[in-house]
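Asks: Would you be able to build a 3D model of this:
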Amino acid sequence: MKKFLIAAALTVGAFAVQAKDIVDTAVGAGNFKTLATALQAAGLVDTLKGKGPFTVFAPTDEAFAKVPKADLDALLKDKARLTAVLTYHVVPGTVMAKDVKAGKVKTVQGGEITVTTSGGVMVDKAKVIKTDVVASNGVIHAIDTVLMPK
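Replies: Just a heads-up that it's a prediction; the model follows:
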């Protein structure tokens, strides 16, 4: 019995090390379909499958649904603007929820997002609704609104 438990622990440990990258983790979560489509349209899939580490404030499908359809369609067709919007949601490094501090944070896009922590974590005007979705190359925090660079 003891050998079985040790083998089971080793097997579970092996699977834990082989976590999916940010893109595969987001796709697997099921509520980031529009984000996955946008990443593909912008040509950012390979980047977010890369070494990282990245922290992604990922808008859910419901967040994208708040964007008027005509505006979203236009954004998906404008690769440069879409890339700017998507990279505005990405911060270099891995920032877990317990490590989040209020203040300005530089994004991969080059702009700064404002993080507030009173009454829950907010990123600009988006509420963080799920934290610490761990991937092999970073972490995802789901947000309820699409962020737009200033």
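Asks: Any buried residues in the longest strand that the chain contains, and which?
Replies: Across the chain, the longest stretch assigned as strand under DSSP state E is strand 126-135. By neighbour count with 16 or more other C-beta atoms under 10 Å, strand 126-135 contains the buried residues 126, 128-129, 133, 135. In short, each C-beta sits where N, CA and C put it, glycine included.
Asks: Determine which two of these are furthest apart.
Replies: Farthest-apart pair in the buried residues of strand 126-135 is 126 and 135; separation 19.7 Å (C-beta to C-beta).
Asks: Confirm residue 20 sits in a helix?
Replies: No. Assessed by DSSP: H, G, I helix; E, B strand; the rest coil, residue 20 does not belong to a helix; its assignment is coil.
Asks: Run a quick neighbour tally on it.
Replies: Here the count is done by other C-beta atoms under 10 Å, and residue 20 has 15 residues near it.
Asks: contacting residues around it?
Replies: Taking C-beta atoms under 8 Å, 6 or more residues apart in numbering as the criterion, residue 20 is in contact with 28, 135-136.
Asks: one step back: using TSV, lay out the buried residues of strand 126-135 together with pLDDT and distance to residue 54.
Replies: Compiled in TSV, these are given as follows (pLDDT from 0 to 100; distance: C-beta to C-beta, whole Å):
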residue	pLDDT	distance to residue 54
126	97	17
128	97	16
129	96	19
133	94	12
135	95	8
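Asks: Redo these as JSON lines? Include distance to residue 44.
Replies: JSON lines is the format used below for the buried residues of strand 126-135 (distance: C-beta to C-beta, whole Å):
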{"residue": "126", "distance to residue 44": "19"}
{"residue": "128", "distance to residue 44": "21"}
{"residue": "129", "distance to residue 44": "22"}
{"residue": "133", "distance to residue 44": "18"}
{"residue": "135", "distance to residue 44": "15"}
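Asks: rewinding a little: what's in contact with the longest strand of the chain?
Replies: Applying C-beta under 8 Å, 6+ apart, the external contacts of strand 126-135 come out as 19-22, 24-26, 29, 57, 59-60, 63, 96-97, 120-122, 139-147.
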